[in-house]
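>>> Coordinates for the following, if possible.
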Amino acid sequence: MKKVLKKLILYVLPFLLIFGLFLAFEPYDYFGLRGGDSDYLCKPLSSVRELVLTHPENIVLGDSRMANLNMDLAEKFAGEPYMMLGFGGAQTGELVELFWYAAEHTQLKKVIFGLNLYSSIDAQEAGRIPAVIEQAEDPAKFILHAGHWLEAINSAKMKAFNLLWSLTGHPERMEFPEDPTDYSRPQDIPAEMGEKYRLNLEEYRDLLRTTMGEHPVVRQETVDKLREVVEYCDANGIEIIFVYPPMHISVYELY
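Residues are numbered from 1 along each chain as shown. Okay, the predicted model is just below:
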């Protein structure tokens, strides 16, 4: 009995402690132990995992523009809950793949689908979604993924640093001052800031040109994939709304 207890202390308890620390600091909140407290950058895995567990009727798809929606406010206006499946850098093909997965695993009623030119001109493949779905469905594959352990370590280090920073009396340095001024057009910018503002816009324009080319065109395959989604929704009584987040007029003027 003593030998068994000794082995338990030497081998099992350290493993449980390490695994417990992993669960406490892994940024996905994979098992929902922290009440859905997942990091924004960890989508779409955390969102797909939530879909696997809860089977929502209403979902939101899109890239970072949609993923940063205030869902509490959106649900207040909609009068019903929605699950956010949008994530930063999402391509239209990835969003279509997520739609089909959601349609297969839950009884969808309403879909809000965010689109924009950025994410609709490249080849529309499934991208990251198959690997995400595989891990969302299989906890063992999630736990055995070395990258997630490294992320948990980095998360623990950051939280320890933030705690130490606060305890040493420097919390005010971590707060960014609020700037209520809204500069909606280049001509509204103060003279001392105008040149910097324009240079930033021109840099953004050059980035867009590198990504989309001089004359961006939505591929036919993208249109076909979206048409299949619409036809499926029509055939199955699913309400679908497409949202096109606006691009700032200054970008159009410089493009």
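>>> in the helix or strand containing residue 102, what's buried?
Using DSSP states H and E, the element containing residue 102 is helix 92-105. By neighbour count, and taking 16 or more other Cβ atoms under 10 Å as the criterion, the buried residues in helix 92-105 are 92, 93, 94, 95, 96, 97, 98, 99, 101, 102, 103. Glycine gets a C-beta too; all of them are placed from N, C-alpha and C.
>>> Now pLDDT and distance to residue 232 too, for these, in JSON lines please.
Converted to JSON lines, these look like this (pLDDT from 0 to 100; distance: Cβ to Cβ, whole Å):
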{"residue": "92", "pLDDT": "89", "distance to residue 232": "16"}
{"residue": "93", "pLDDT": "89", "distance to residue 232": "16"}
{"residue": "94", "pLDDT": "90", "distance to residue 232": "17"}
{"residue": "95", "pLDDT": "92", "distance to residue 232": "14"}
{"residue": "96", "pLDDT": "93", "distance to residue 232": "11"}
{"residue": "97", "pLDDT": "93", "distance to residue 232": "13"}
{"residue": "98", "pLDDT": "93", "distance to residue 232": "14"}
{"residue": "99", "pLDDT": "96", "distance to residue 232": "8"}
{"residue": "101", "pLDDT": "95", "distance to residue 232": "13"}
{"residue": "102", "pLDDT": "95", "distance to residue 232": "11"}
{"residue": "103", "pLDDT": "95", "distance to residue 232": "7"}
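>>> Identify, from those, the entry nearest to residue 158.
Each of the buried residues of helix 92-105 was scored against residue 158 by Cβ to Cβ, and residue 94 proved nearest at 27.8 Å.
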